[in-house]
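Asker: the sequence and its predicted three-dimensional model are supplied below.
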Amino acid sequence: MVTVMAEGDVDDSILTNTDQSDKEVTDAAMASMASAMRSAGLGSMLEETPVAIEEVEEVSADVESDGANSTEYSSSNPADIFPELDDVDDAEEMVRVLLNVGEERSRKSDAKGALAAFNKAIALDPSSDMAWFNRGVLLEAQKDARGAKQAFQICLDLNPDHAPATANLASILERMGDLISAYEVSQRALVFYPGHPALVEIANRCKNAEVNIPITEVPRIVASTHSYEESTVVAAMDEVGIDDMEAVLQEAVYHDHDGDSHLDYSELKSAATVVAATEEVLVRLEAKPIVSQQPVEVIAEPQEEIVTEEVVQQPAVEEVAPQPVVDIDSLVEESTALIRSGDAAGGLALLKPHLKTTAAEHANAWRVAGGAMARLDLETHAIAAITHAQSLDPSNSNGWFNLGSIYQRGENFAEAKSCYYKALEAQPDYLKAASKLSDLSKQLSDIEAYLFATRIIANIDSTDARVTEMAEVLIEIAEGEANVLESTQGLPPTLPVGPELAQEALGLIGDGTSTLHARAYTAISDHHRSVTTWKALIQEDGEEPANWRGLARSLEEAGDIATAQKCHAKANELENGTEPTIVEHTPIIAEPVEVVADLPQTIEPTLEQVAPTESEPQIETVDDDPADILLAPVTPQTIVEPALDENTHQANDLLMAPIEPRPVNTVTEENPHVDLAKAALDATQAAALNVIGETMSKSVANQDIAWYNKGIQLTEDGKYREALTCFDRALPSFKDDDEMVIRILNGRGNSFYYMEEYPKCVEAYHQAMLIRPTEVRGQTLYNMGTAYAEMERYQDAIKCFEQSIPRGLSTSEAKRAKDQIRRCTIIDKERMRKIRKKP
């Protein structure tokens, strides 16, 4: 057995006397510790302060009687009971507490309790090098050389610079007859503890060894003296997920926590957990070995030739001798066949004995073993194995694909995407990897990765359904970009890519007549083909509202607003199943340049100038019960023939329609015969008069009127927030045109109403009223009253309804306003009655 001290205490590392120890331990403990140290071939060595295992008893037959005097704790409580963990929830903190508990129990000569603590720490965190080191010390004291060697080796694999473990491992290797390895390890240990007598002796004894002299039998202690039920062992193994019964029984001898020589389920499960942790850390270390940071070669340099011969030649003899001829490629083929037939466990068992030896650098063997582990749901092991395989052969696209699939199954999407990318780098035409990356990127809304992968699919298999989906995505991106650019003032910040994407979509879907074709033609501004395609679709299915609405949008883009409105009306008719009751809106048409200049002169208010009794209704705040009666806006009536008297005020669209022009006796007829030469001359003169950047230029006015008309149409289509954006876009251009400002503000109010943002709705209507208070329409006041009612401000609603009646409402509309007054009065009285009843 080896005891160790802090690495920094190099001068004090050689302990030649035990005076201090005599003061701290009993005579029996000293006797057993001396026996353990003699069996290890060392007197005393260095102790690492973080572990602080100063004394460890051998648990053997000749000192068994001394164990009864160890402590009351170990005799009265099972070794696996840890009250110190009662208030600890964090796994990392649990490991730290268990290390401290094991240290404390070791000081009290409770070897069994200390080992139980370190074993539990390993089960919680297989990567804890301190837990493995302390386990090795305790197993060495109990003469389990193989178990101690494994523990020290794992400790060094996790932390190559662990000095005490290096020293202990050198001693054990010499005892086991592995002289060449013992010499190598002793040289490394002397880097940490230069000149240590025990290490120097080991190095001298093993220095000139040309062959190993293995001790033929160094068996681990097995549970031959313990009773157990085989079915219980199997159940514990199944619970943990391992299948090595021999390893479990070898480990179980250290888990007889109650000391009754019978291994129950909990004790067997504890042993199986340690075995599983051992397997896990070994697989992880084999996949990603940890490199020491210490300059070991400096010590080995004087004996470079000898070390080289021993390191290179002799281990090869040890590994190859048991299996002189092993065809790894054949084993890989056999294992692959077993896995494909459904026997993943058999395939893994065929390769597993060779992964650490002959197949250590065989990428395909590790890759196939990882695939078998994945089928057995050992995902952590599978990832480690395949990662190791790919580090050996990064050009294997199948390995990257399989690794990505395992990551994706574990919902580690970032690593999965990275693996699929690497698979495509290794094999650019790898359809399965491209399909996986396309689907995953679509799920994650990663448009760049989605387009990258799906374009690869399109080049490989143009009939794949994902190609058509990508074409639709490209068109949607182009349409979205167009909408953004329309709402952006001035020049766009970047060059538009929408038309290019739409053109790519057309190349993907080829020639044909479909909604995708029509939308793509619109996106690339090929309005003629877009309109033609929509018309063809309408001829095939004239009852589909989407076809009429698509044609309407194409006509709007082409500038034919009047026909577009008729198409929208047809779409609404088909959707509602009946003729629309709302009068057809007459938004301002974006005429050619000559006509637009005259628009402000042709717009006339249609309402009689009736002075309101109150231009601004007083606002009363009500915070009580909401209304129980739905106050709906008035449904306008259809006008068949406009008259010249008060009937001209009927059928105004209460929530939408712009102000209708007043019919006049003299109507200017459009001249069907157009003098093209004169029109061209006029257009040239008009263009010459326009100053660049002039806000009232005819082209700008034409564009801003289009914004207003588009807002009207979007409201009709139910896209209220988009309509609001259009109204906001049009408003700044008409700051000197009160008529248009009133129309736009009313449009904003309508949008807010439908969005149920009633305070903003009232504010918009009120702003419109303040511009020309004497020309406020009854319909606007009615709508404003409805918004107040929705806000439960019934007194304000009543005032608006009362003022709306003499301002152009038709008979039916006036009747409806009176009904609203009656309802609001009833609700308000009930509200006031409840307020009075409150104490």
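Answerer: Now that the structure is in, tell me what you want to look at.
Asker: in the host helix or strand of residue 234, which residues are buried?
Answerer: Using DSSP states H and E, the element containing residue 234 is helix 230-240. If you call a residue buried by 16 or more other Cβ atoms under 10 Å, then helix 230-240 has these buried ones: 232, 233, 236, 237, 240. Backbone N, C-alpha and C define where each C-beta goes, glycine included.
Asker: and the spatially closest residue to the last one that is not a sequence neighbour, what does it touch?
Answerer: So that's residue 240. Excluding its sequence neighbours, the residue lying closest to residue 240 (Cβ to Cβ, 6 or more residues apart in numbering) is residue 272, at 4.2 Å. Counting by Cβ atoms under 8 Å, 6 or more residues apart in numbering, residue 272 makes contact with 236, 237, 239, 240, 242, 248, 251.
Asker: do that again at 7 Å, thanks
Answerer: Neighbouring residues of residue 272 by Cβ atoms under 7 Å, 6 or more residues apart in numbering: 236, 237, 240, 242, 248.
Asker: reformat those as TSV; add pLDDT and distance to residue 173.
Answerer: Below are the contacts of residue 272 laid out as TSV (pLDDT from 0 to 100; distance: Cβ to Cβ, whole Å):
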residue	pLDDT	distance to residue 173
236	83	32
237	85	31
240	81	30
242	83	27
248	84	26
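Asker: what about residue 455, how many residues nearby?
Answerer: 16 (other Cβ atoms under 10 Å).
Asker: please tell me the pLDDT value assigned to the residue nearest to it when sequence neighbours are not counted.
Answerer: Excluding its sequence neighbours, the residue lying closest to residue 455 (Cβ to Cβ, 6+ apart) is residue 470, at 7.5 Å. Per-residue pLDDT puts residue 470 at 86.
Asker: test my guess that residue 88 contacts residue 95.
Answerer: No. Residue 88 is beyond contact range of residue 95, at 9.8 Å (criterion: Cβ atoms under 7 Å).
Asker: neighbour count winner among these two?
Answerer: Neighbours were counted for residue 88 and for residue 95 using other Cβ under 10 Å; residue 95 has more, 21 against 15.
Asker: what helix or strand is the more buried one on?
Answerer: If you go by DSSP H and E, residue 95 is part of helix 91-107.
Asker: what packs against the following helix or strand past that helix?
Answerer: Next helix or strand after helix 91-107 toward the C-terminus (DSSP H and E): helix 111-124. Judged by 3 or more Cβ pairs under 7 Å, 6 or more residues apart in numbering; DSSP states H and E, helix 111-124 is in contact with helix 72-76, helix 91-107, helix 129-141, helix 265-287.
Asker: ok and helix 111-124 relative to helix 230-240, angle-wise?
Answerer: Computed by axes from the mean of the first three to the mean of the last three Cα atoms, to 10 degrees, the angle separating helix 111-124 from helix 230-240 equals 40 degrees.
Asker: rounded mean pLDDT for helix 111-124, please.
Answerer: 88.
Asker: make 22 the starting number, not 1.
Answerer: Okay, residue one is now 22; in that scheme the one you just asked about reads as helix 132-145.
Asker: could you export that helix as CSV, CA atoms only?
Answerer: Extracted in CSV, the C-alpha atoms of helix 132-145 (Å, rounded to 0.1, in the frame of the first residue of the first chain):
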residue,chain,number,x,y,z
ALA,A,132,-12.2,0.7,5.1
LYS,A,133,-15.5,-0.7,4.1
GLY,A,134,-17.4,2.6,4.7
ALA,A,135,-14.7,4.6,2.9
LEU,A,136,-14.8,2.3,-0.1
ALA,A,137,-18.6,2.6,-0.2
ALA,A,138,-18.3,6.4,-0.2
PHE,A,139,-15.7,6.4,-3.1
ASN,A,140,-17.8,3.9,-5.1
LYS,A,141,-20.9,6.0,-4.8
ALA,A,142,-18.9,9.1,-5.9
ILE,A,143,-17.7,7.1,-9.0
ALA,A,144,-21.3,6.1,-9.7
LEU,A,145,-22.3,9.8,-9.6
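Asker: next, the angle from it to helix 286-308.
Answerer: Using the same axes, to 10 degrees: helix 132-145 against helix 286-308 is 50 degrees.
Asker: wait, residue 455 sits on residue 472?
Answerer: No. Assessed by Cβ under 7 Å, residue 455 is found out of contact with residue 472, at 11.5 Å.
Asker: ok so, going back, enumerate every residue touching the residue nearest to residue 476.
Answerer: Residue 491 neighbours (Cβ under 7 Å, 6+ apart): 472, 475, 479, 529.
Asker: would you turn these into CSV with secondary structure?
Answerer: Output for the contacts of residue 491, formatted as CSV (DSSP: H, G, I helix; E, B strand; the rest coil):
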residue, secondary structure
472, helix
475, helix
479, helix
529, helix
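Asker: list just the nearest of those to residue 140.
Answerer: Closest approach between the contacts of residue 491 and residue 140, by Cβ to Cβ: residue 475, at 52.0 Å.
Asker: that closest one: neighbouring residues, count only.
Answerer: 26.
Asker: residue 350 too?
Answerer: Residue 350 has 12 nearby residues by other Cβ under 10 Å.
Asker: in what helix or strand does it lie?
Answerer: helix 349-361.
Asker: in the next helix or strand after that helix, what's buried?
Answerer: Counting by DSSP H and E, the element after helix 349-361 in chain order, helix or strand, is helix 365-376. Within helix 365-376, the residues that qualify as buried are 365, 368, 369, 371, 372, 373, 375, 376, counting by 16+ other Cβ under 10 Å.
Asker: what's the most distant pair in these?
Answerer: 365 and 375 (17.1 Å).
Asker: residue 209 contacts residue 187, doesn't it?
Answerer: Yes. Applying Cβ under 7 Å as the test, residue 209 and residue 187 come out as touching, 5.3 Å apart.
Asker: so for those two, which sits in the more crowded spot?
Answerer: Applying other Cβ under 10 Å to residue 209 and residue 187 shows that residue 187 carries more neighbours, namely 27 against 23.
Asker: how near is that one to residue 768?
Answerer: Using Cβ to Cβ, to the nearest Å, residue 187 is found at 83 Å from residue 768.
Asker: helix or strand for residue 281, just tell me which one.
Answerer: Short version: residue 281 belongs to no helix or strand, going by DSSP H and E.
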